[in-house]
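**Student:** heads up, no residue letters with this:
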């Protein structure tokens with residue numbers, strides 16, 4: 001049974017977004033309206049979720065569905081990411097307003113879980129507990145065939161009273177090996193490496209071996225007592241983990257482009273089967289355009305990528321920085337020149353120049369308007 005956490009604040013913030021006229025509000029609304037692929041029956045991401053939930057190590061865990069707009073203080077302060085932490089930067093995170101953001105990681109579910117009345121009661125009774133959460137998360141990112149700024153995560157947490165059991169890294173490794181085998185089969189090989197996360201210590205990453213290559217699958221660790229204390233949890237210990245669903249789907253099917261996971265083309269959808277190597281429906285040709293401009297040195301590339309996403313949508317395959325330099329004599333003080341290459345390619349059809357030129361022109365217009373750029 002899934003526990004759905006109501007959020008009057010999210011309803012209010014969505015209404016406020018709808019009343020705004022700026023490009024960022026429209027952008028955030030569009031991201032929120034995108035479907036949760038991890039809950040679409042038959043979709044590879046939903047299949048991965050089902051396989052993960054079948055693992056013995058999380059069987060019987062609570063499943064929680066949390067708001068997509070969450071407070072900054074909950075996301076960062078409670079999870080040991082104080083002011084100045086890179087993850088809090090507006091160049092990495094979508095701010096709905098000064099106090100609320102689009103959720104950036106599924107671990108934020110700890111806050112909502114521990115605040116449920118029934119969980120508070122279980123804590124008082126010193127009962128062990130486990131919970132998983134999955135769904136969309138949002139982070140500003142580059143544009144290429146392996147990354148999107150809207151993606152899906154699956155995370156889990158297990159806690160037990162100290163007087164009952166002290167969880168070790170070996171317990172964590174056993175649990176996650178079980179999950180990896182549930183997803184990829186009993187023959188999958190995995191290994192663990194040391195890592196660092198703000199809310200677990202010690203922390204590890206787990207890699208799986210696919211065709212002779214080791215690929216990162218997830219991050220994990222033992223929850224920090226100081227972080228648990230932020231939620232009023234004391235005298236408990238356990239393990240936690242989180243992983244991206246797209247990464248596993250791409251590895252499983254050898255997908256050449258992350259956008260395929262969002263395709264509505266039946267020729268594509270028929271091939272999206274875990275463990276089945278994807279074969280190109282057709283390799284549609286790219287259309288390449290370059291854009292060069294001079295902007296103030298306050299220019300933020302991740303924000304600019306969002307401008308390109310707004311206009312080009314899913315026909316933008318990749319954006320590559322070709323060149324950047326300063327020349328005070330030529331451009332003026334505090335000015336920087338950038339040249340980007342935009343590769344347009346549909347995963348479903350051949351694009352025409354007549355389609356691309358208006359998009360490129362609009363990108364130039366918005367580069368000037370939103371970034372204060374001078375097109376070169």
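**Tutor:** Thanks, I have the structure now. Values in this document were obtained by computation on a predicted structure and should not be read as measured data.

**Student:** for the stretch 151-300 of the chain, what spans make up the helices?
**Tutor:** Here the stretch 151-300 of the chain has its helices, by DSSP state H, counting those that start in this stretch, at 169-184, 225-230, 245-253, 266-269.

**Student:** With mean neighbour count added, can I get those helices in TSV?
**Tutor:** Any C-beta I mention is one placed from the backbone N, CA and C, and that applies to glycine too. Formatted as TSV, the helices of the stretch 151-300 of the chain follow (neighbours: other Cβ atoms under 10 Å):
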stretch	mean neighbour count
helix 169-184	19
helix 225-230	15
helix 245-253	22
helix 266-269	13
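
**Student:** Compile the ones you listed into JSON lines and extend it with columns for distance to residue 330 and mean pLDDT.
**Tutor:** Listed next are these as JSON lines, based on distance: least, Cβ to Cβ, whole Å; pLDDT from 0 to 100:
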{"stretch": "helix 169-184", "distance to residue 330": "54", "mean pLDDT": "95"}
{"stretch": "helix 225-230", "distance to residue 330": "50", "mean pLDDT": "96"}
{"stretch": "helix 245-253", "distance to residue 330": "42", "mean pLDDT": "92"}
{"stretch": "helix 266-269", "distance to residue 330": "47", "mean pLDDT": "86"}
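
**Student:** Quick one: those helices as a markdown table, columns for distance to residue 202 too.
**Tutor:** Supplementary listing: the helices of the stretch 151-300 of the chain in a markdown table, determined by distance: least, Cβ to Cβ, whole Å:
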| stretch | distance to residue 202 |
| --- | --- |
| helix 169-184 | 6 |
| helix 225-230 | 13 |
| helix 245-253 | 23 |
| helix 266-269 | 42 |
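
**Student:** Of these, which is nearest residue 71?
**Tutor:** helix 225-230 (13.1 Å; Cβ to Cβ).

**Student:** Tell me the pLDDT of the residue nearest to residue 181 when sequence neighbours are not counted.
**Tutor:** Spatial nearest neighbour of residue 181, chain neighbours left out: residue 188 (5.8 Å); criterion: Cβ to Cβ, 6 or more residues apart in numbering. With respect to pLDDT, residue 188 scores 91.

**Student:** surely residue 188 meets residue 179?
**Tutor:** No: assessed by Cβ atoms under 8 Å, residue 188 is found out of contact with residue 179, at 10.4 Å.

**Student:** just to revisit the earlier point, burial count for the residue nearest to residue 181?
**Tutor:** When neighbours are counted by other Cβ atoms under 10 Å, residue 188 registers 15.

**Student:** Report the buried residues of the top helix by length along the chain.
**Tutor:** Looking across the chain with DSSP state H, the single longest helix is helix 353-371. Buried residues in helix 353-371, defined by neighbour count with 16 or more other Cβ atoms under 10 Å: 356, 359, 360, 363, 364, 366, 367, 370, 371.

**Student:** Give me the next element, helix or strand, following that helix.
**Tutor:** Using DSSP states H and E, the helix or strand that follows helix 353-371 in sequence is strand 374-375.

**Student:** State the mean pLDDT of that following strand.
**Tutor:** For strand 374-375, mean pLDDT rounds to 92.

**Student:** low-scoring stretches of the chain, by residue?
**Tutor:** For the chain, applying pLDDT under 70 flags the ranges 282.

**Student:** right, and the secondary structure at the residue of it most remote from its centre would be what?
**Tutor:** Distance from the C-alpha centroid of the chain peaks at residue 329, with 41.8 Å (Cα atoms, centre = their mean). Secondary structure for residue 329, judged by DSSP: H, G, I helix; E, B strand; the rest coil, is helix.

**Student:** For residue 287, see how far away the residue nearest to residue 181 is.
**Tutor:** 40 Å (Cβ to Cβ, to the nearest Å).

**Student:** Residue 84 too?
**Tutor:** 42 Å.

**Student:** what about these two, which has more around it?
**Tutor:** Each of residue 84 and residue 287 has its neighbours counted (other Cβ under 10 Å); residue 287 has more, 21 against 7.

**Student:** Tell me the gap between stretch 15-29 and the middle of its chain.
**Tutor:** 21 Å (Cα atoms, centre = their mean, to the nearest Å).

**Student:** meant to ask about stretch 43-54, not that
**Tutor:** Centroid separation for stretch 43-54 versus its chain: 17 Å, with Cα atoms, centre = their mean.

**Student:** Next: stretch 351-364.
**Tutor:** 29 Å.

**Student:** Ok, stretch 109-120 next?
**Tutor:** Centroid separation between stretch 109-120 and its chain, computed with Cα atoms, centre = their mean, is 23 Å.

**Student:** swap in stretch 34-43?
**Tutor:** With Cα atoms, centre = their mean, you get 15 Å for stretch 34-43.

**Student:** tell me which residues in stretch 39-50 are buried?
**Tutor:** Buried residues in stretch 39-50, defined by neighbour count with 16+ other Cβ under 10 Å: 39, 43, 44, 45, 46, 47, 48, 49.

**Student:** Filter those residues down to just the ones in helices.
**Tutor:** Members of the buried residues of stretch 39-50 lying in helices (criterion: DSSP H): 44, 45, 46, 47, 48, 49.

**Student:** Tabulate the residues you listed (a markdown table), appending distance to residue 343.
**Tutor:** Output for these, formatted as a markdown table (distance: Cβ to Cβ, whole Å):
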| residue | distance to residue 343 |
| --- | --- |
| 44 | 25 |
| 45 | 25 |
| 46 | 30 |
| 47 | 30 |
| 48 | 29 |
| 49 | 32 |
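
**Student:** State the pair within the residues you listed that is farthest apart.
**Tutor:** Greatest spacing in those, by Cβ to Cβ: 44 and 49 (9.8 Å).

**Student:** State whether residue 160 and residue 167 are indeed in contact, as I suppose.
**Tutor:** Yes: using Cβ under 8 Å, residue 160 is in contact with residue 167, at 6.6 Å.

**Student:** what is in contact with the two at once?
**Tutor:** Counting by Cβ atoms under 8 Å, 6 or more residues apart in numbering, the contacts common to residue 160 and residue 167 are 237, 238.
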